[in-house]
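In: Provided below are the primary sequence and the corresponding predicted coordinates.
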Amino acid sequence: MERCGWEGQAPDYVAYHDTEWGVPEYDPRALWEKLILDGFQAGLSWITILRKREAFRAAFAGFDPIVVATWGEADVQRLLGDPGIIRHRGKIEATITNARAYLEVNAAVGFDKFLWNYVDGRPLQTNFSSRDQVPPKTTLSEQVSKDLRAKGFKFVGPTIVYAFMEASGLVNDHITPCFRHADCAAMGRRTDSAQ
């Protein structure tokens, strides 16, 4: 069975590729969690974040933005002392800021609708035959990044946003020989729109 090639041999990484990565996500809270985790991944490998995901969920109250938005310096200090997560002050503070920004966007238009409107509610289908053809960012991820920053989000540069779009299924970047390419494309056709 052919895969994309980035997932390596680690069983948890293979399972993530085979069951989660590229699957269209329409739940606003789950989208926010994925965006936060991609921000924490900046400068690190995804496997590092994946292996710490449950610790992140525990540390950040199940990624409940209503709870995280109320946090302050005492919570930042608590998180800086948590060995189960990436202890980076800027990323921790950005998560709190992003919870507040998420609540505003979600109340105004729905965080899911805000994101899925960029692709008209349906995943973009790419047809790359090898991973070296997949760009680290696109014009669209640059626009989404710019718009997120304008709404107060942090750690949402164009490369982070593109990785998030791939992981959340806004873009189907499974390479065409990968058995998941057709699966994720079919999910995109079955799932009409977030609107």
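Out: Okay, I see it.

In: what about the helices in the protein?
Out: In the chain, the helices defined using DSSP state H lie at 11-19, 28-41, 46-59, 65-68, 73-80, 89-108, 111-116, 139-150, 158-167, 179-190.

In: Number of residues surrounding Asn172?
Out: 25 (other Cβ atoms under 10 Å). For every residue, glycine as well, the C-beta is placed using N, CA and C.

In: isn't Trp21 right next to Ala167, touching?
Out: Yes - using Cβ atoms under 8 Å, Trp21 is in contact with Ala167, at 5.6 Å.

In: contacting residues for Trp71?
Out: Trp71 makes contact with 96, 99 under the criterion Cβ atoms under 8 Å, 6 or more residues apart in numbering.

In: All further residue positions should be reported with the first residue as 65.
Out: New numbering, starting at 65: the last item is Trp135.

In: and it, how far is that from Gln105?
Out: Going from Trp135 to Gln105 by Cβ to Cβ, to the nearest Å gives 21 Å.

In: can you check Val78 too?
Out: In terms of Cβ to Cβ, Val78 sits 18 Å off from Gln105.

In: and of the helices of the chain, who's closest to Asp196?
Out: Closest to Asp196 of the helices of the chain is helix 222-231 (Cβ to Cβ; 15.2 Å).

In: so what does the closest one touch, helix or strand wise?
Out: Packing partners of helix 222-231 (3 or more Cβ pairs under 8 Å, 6 or more residues apart in numbering; DSSP states H and E): helix 92-105, helix 203-214.

In: Now do the longest one and helix 222-231, the angle between them.
Out: In this case it means helix 92-105. Angle of helix 92-105 versus helix 222-231, following axes from the mean of the first three to the mean of the last three Cα atoms, to 10 degrees, is 130 degrees.

In: Helix 92-105: how far from the chain's middle?
Out: In terms of Cα atoms, centre = their mean, to the nearest Å, the centre of helix 92-105 is set 4 Å apart from its chain centre.
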